[in-house]
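Undergrad: predicted coordinates and the sequence they were generated for:
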Amino acid sequence: MVKAEETEFDVAVIGGGIIGVTAAFYLARRGKKVVLLERCQLARGTTCNSFAWINASSKAADADYHRLNARGLAEHKKLASEFGEIALGITSCGELSVAPVADQSRLAALRKQWLLLQDLEYPAVWVEGKDLPDLEPSINFDREYEGLLNSCELSLDAPRFVGFIADQVSSLGGDIVEESTAQSLQLGEGGEVLGVETSAGPVAARNVLLAAGPDSAEELARLTGFDGFATRFPVRRSPGLLLTTPDLSPRRLLRRVVYWAENPDLHVLSHFSGGLRMGAEDTDGMVAENDDAATRRAENNCCDAPASGLPAFRKNLASMIAISVSASGRCPRTGAASPTLCLVQRASMSSPRTAASPWPRSSAA
């Protein structure tokens, strides 16, 4: 690796999550000399704990926002065509939303979403209840449901994706510097950016791209010394909870991302670790960073819902999941491996449009 302090870069990217690394890749591909600075290790923040469902179906109510996400989905597919899905950690799984026929309000909302997607020429198909078991044989549809199938959507092993794209940045001549904290911006007499002062030494760069996730506003304030930046931009923290079960291999209970549009709203996918990753939207408002009691309540909410819908899940995992996790990280009754809880801080825009969008249904990049 070229020593960053001895080189002048076109762009210094601060932040080694999926946004920062992907931005560095496209800049390097366009011939820019790029250095990426990460204070810890790549993909160790929100990227590592993301639900990582790449979609545009949930953005149908806002045509412009939908098209932005559809473009992101298309770009992931272009990368998959170039490098291969396995190398990037991409799974072409599709997504299935289901709503109980007895809940006319939720069923009507799902039908409205389907009609909007049709108007946007998005490949969404309405599924009658009799066909749902063929799509997801492991789900116990114990009441009458109908569904919406978005077959073009993806799930992502985000850390694998970041690692692969970071290697591409290096192969294109870019520098990846981990364990290097950006401390301040170096400015000229006219306020122009000259570089970044880091814990590993100065880095000369004519442009700086900040991609620090939910910390971006505070990070900009710290780097510039202007506290007003911390509140000037419409970025807010949105705590969320995800639960990942132990490895279920060789079983693969779900073929797609599945979203239950009922109370509680539940979203589940087959995680790259071999287990299931799930969350329930009503739990996000229950948790705050380091709030252990609320985390346990939210965990139980997540675990109760899939047990009623996945008979194999209930049979094989009830002793592991539908109980409190002991301090040892093992099931206090059976000693089996307990689920992993991810308490995540995401960045979201404080606008009515984005604040109203369910977080798990967001593009991974």
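TA: Perfect, thanks for sending it. Everything quoted here is computed from the prediction, not taken from an experiment.

Undergrad: shaky segments in the chain?
TA: 1-6, 263-264, 282-365 (pLDDT under 70).

Undergrad: care to break it down by domain?
TA: Residue ranges for the domains of the chain, per automatic domain parsing: 4-48+159-234, 67-156+236-355.

Undergrad: so which of those is nearest residue 59?
TA: Proximity to residue 59 (CB to CB) singles out domain 67-156+236-355 among those, at 5.0 Å. (Glycine included, C-beta is placed from N, CA and C.)

Undergrad: quick check: buried residues in the longest helix along the chain?
TA: Taking DSSP state H as the assignment, the helix of the chain that covers the most residues is helix 63-83. Neighbour-count burial for helix 63-83, with 16 or more other CB atoms under 10 Å as criterion, is recorded at 65-66, 69-70, 72-73, 76-77, 79-80.

Undergrad: all strands for the stretch 51-200 of the chain, in order.
TA: Counting by DSSP state E, counting those that start in this stretch, the segments of the stretch 51-200 of the chain that form strands are 53-54, 90-91, 95-100, 124-127, 145-150, 154-156, 175-177, 182-187, 193-198.

Undergrad: nearest to residue 280, of the buried residues of helix 63-83?
TA: Sorting the buried residues of helix 63-83 by how near they are to residue 280, with CB to CB, puts residue 69 at the top with 22.3 Å.

Undergrad: touching, residue 220 and residue 211? I think so.
TA: No. The pair residue 220 / residue 211 is not scored as a contact, 11.2 Å apart, by CB atoms under 8 Å.

Undergrad: please name whichever of the domains of the chain is nearest to residue 55.
TA: In terms of CB to CB, the element of these nearest to residue 55 is domain 67-156+236-355, at 4.3 Å.

Undergrad: residue contacts, residue 258?
TA: Counting by CB atoms under 8 Å, 6 or more residues apart in numbering, residue 258 makes contact with 95-98, 136, 139, 267-269.

Undergrad: rerun that using 10 Å as the cut-off
TA: Taking CB atoms under 10 Å, 6 or more residues apart in numbering as the definition of contact, the neighbours of residue 258 are 93, 95-98, 135-136, 138-139, 147, 266-270, 276, 278, 306, 309-310.

Undergrad: let me know whether residue 145 touches residue 135 as I believe.
TA: No. With contacts defined as CB atoms under 10 Å, residue 145 does not count as touching residue 135, sitting 11.0 Å away.

Undergrad: isn't residue 10 up against residue 35?
TA: Yes. Checked against CB under 10 Å, the pair residue 10 and residue 35 is within contact range at 9.2 Å.

Undergrad: which of these two has more residues huddled nearby?
TA: Applying other CB atoms under 10 Å to residue 10 and residue 35 shows that residue 35 carries more neighbours, namely 29 against 15.

Undergrad: check contacts around residue 226.
TA: Neighbour list for residue 226: 220, 232 [criterion: CB under 10 Å, 6+ apart].

Undergrad: how near is it to residue 220?
TA: Taken as CB to CB, to the nearest Å, the spacing of residue 226 relative to residue 220 amounts to 8 Å.

Undergrad: likewise residue 274?
TA: According to CB to CB, residue 274 stands 39 Å off from residue 220.

Undergrad: okay, these two: which has more neighbours?
TA: residue 220 (21 against 15).

Undergrad: could you check which helix or strand contains that one?
TA: Counting by DSSP states H and E, the secondary-structure element that holds residue 220 is helix 216-224.

Undergrad: what packs against the helix or strand just after that helix?
TA: Read in the C-terminal direction, the helix or strand following helix 216-224 is helix 229-232, with elements assigned using DSSP H and E. Other elements packing on helix 229-232 under the criterion 3 or more CB pairs under 10 Å, 6 or more residues apart in numbering; DSSP states H and E are helix 216-224.

Undergrad: contacts for the helix it packs on?
TA: Residues outside helix 216-224 that contact it (CB under 10 Å, 6+ apart): 14-15, 19, 39, 182-185, 187, 196-197, 208, 210-213, 215, 226-237, 347.

Undergrad: the residue nearest to residue 103 when sequence neighbours are not counted: what's it in contact with?
TA: If you skip the residues right next to it in sequence, residue 103 has residue 262 as its closest partner in space, 6.1 Å away by CB to CB, 6 or more residues apart in numbering. For residue 262, the contact set (CB under 10 Å, 6+ apart) comprises 98-100, 102-103, 106-107, 143, 145, 305, 309.

Undergrad: any idea which of these is closest to residue 158?
TA: Within these, the smallest distance to residue 158 is 24.1 Å, found for residue 305 (CB to CB).

Undergrad: tell me how far the residue nearest to residue 103 lies from residue 54.
TA: Taking CB to CB as the measure, residue 262 falls 24 Å from residue 54.
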